[in-house]
Structure formats: structure tokens, C-alpha cells
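**Q** Quick one, what's the 3D model for this:
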Amino acid sequence: MKHSEIKNRIIETASSLFYKNGYNSTGINEIISQAGIAKATLYSHFKSKEDICIAYLRFKDASFIKDIEAFVTSKPKGKAQILAIFDFLELFFQTKDFNGCWCIKTVSEIPSDNEVIRNEIQKQKNSFIQLISKLIANNLEEIKTEEISSLSRKIYLLYESAVSESHLHQKKWPIQETKNLCSSLIT
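**A** Predicted coordinates:
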């Protein structure tokens, strides 16, 4: 098997385990066992569990950004594209694998001084805010440039709230209500 295929299998296996069971509850030996590799193989690709975590976060984020962008841009231009982020979340919520936000789950498990993982998560969240800003700029003609940043952060906060509350309650009403709030914000 190629070097990159083995690395991808490790990342996919760790991603599944970290997202389902949590970062701290998933041990290196479990990743090795589930991936069907030797310990030396894992360490030839990753120097530490933290390095695997960074790869996991990047793997989840790349998939998320690609999927949400494709979904929202398939909707009619205008407010529908912005509101579609909540429709995307509702579809994600309905999957059997939904377990909340992988970033929030991870950051809640790391020590506050772990800047490597925290910085990666902040970078990803900021990229999502930029995606929302782009959606606003491309779909709301009447908005002033100086208002885009604030509105993007507000919509981001609504989205993040919807993720965590739908996970907590195991119901989709938080997603629906935050979509309604977002609709009020952009009307």
C-alpha cells in the first residue's frame, strides 16, 4: 500500500474515532487496531497524537467547507444561499453520525495552554466566518461593506449555537429557530 494511502487510512480512522468517542477517550492503540497497522507505521506518519488531531481537524474541515460551499451555491442567488447554511446543518443533523461540532468537542478536551490545536480550530472557525462574509457580499446587494464583518459573525454565532443545541437536545428545532433568527437579521 502506498505511503499516502496508509496516511489517509490513519487520518480517516482517527477522525471517525475522535468524532464519535472524543479526543481524550481515543487512544493511539485503538487507532492502530482500527486502522490495521503497526505502531511503527503510525509513528512513521505522525510524531504524536497531537499531530494526528491536527490532521483530523483539517480532514473534517476540508470536507465540511467543500460540502457546504457546494450546497449553498446550488441554491438560488440571494438570501436563500445564506439561509442554506442552516438547511445544510439540518441535513447533517439528520445523519446517523451527527455528534455536534468536532472543533468544539476537541477544544473542550484540550488543556487551555495547547495553542497548536486551539490555533488550528480558530483558523478553521475564522475561515467559516470568511465563507459567510463571502455569501453575504455576493447575495445581499443592500448591505454596506463595513457591515459585512459584523453580520457574518452574528450568523456564525447563530450557526454554532444551532450545532451545539441540536446536539444537546437531539432535536432539530434549534436549527430551525436559528434559521428564523438569521432570516430576521438579513431582511
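**Q** any idea which residue sits dead centre in this protein?
**A** The structure's the chain has its C-alpha centroid closest to residue 61; by CA atoms, centre = their mean the separation is 5.1 Å.
**Q** Find the nearest non-adjacent residue to that residue, please.
**A** Spatial nearest neighbour of residue 61, chain neighbours left out: residue 124 (4.6 Å); criterion: CB to CB, 6 or more residues apart in numbering. Every C-beta, even on glycine, is put in place using the N, C-alpha and C of the backbone.
**Q** Can you name the residues that contact that neighbour?
**A** Listed by CB atoms under 8 Å, 6 or more residues apart in numbering, the contact partners of residue 124 are 57, 61, 103.
**Q** try residue 103
**A** Counting by CB under 8 Å, 6+ apart, residue 103 has contacts 57, 60-61, 121, 124-125.
**Q** Helices of this protein, residue ranges please.
**A** When assigned using DSSP state H, the helices of the chain occupy the ranges 3-21, 28-35, 39-45, 49-73, 79-93, 102-109, 115-139, 145-169, 173-185.
**Q** Adding mean pLDDT, write these out as TSV.
**A** Formatted as TSV, the helices of the chain follow (pLDDT from 0 to 100):
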stretch	mean pLDDT
helix 3-21	93
helix 28-35	96
helix 39-45	95
helix 49-73	97
helix 79-93	97
helix 102-109	94
helix 115-139	97
helix 145-169	97
helix 173-185	98
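**Q** The contacts of residue 103: which two are farthest apart?
**A** Using CB to CB, the contacts of residue 103 span at most 12.4 Å, a distance reached by 60 and 125.
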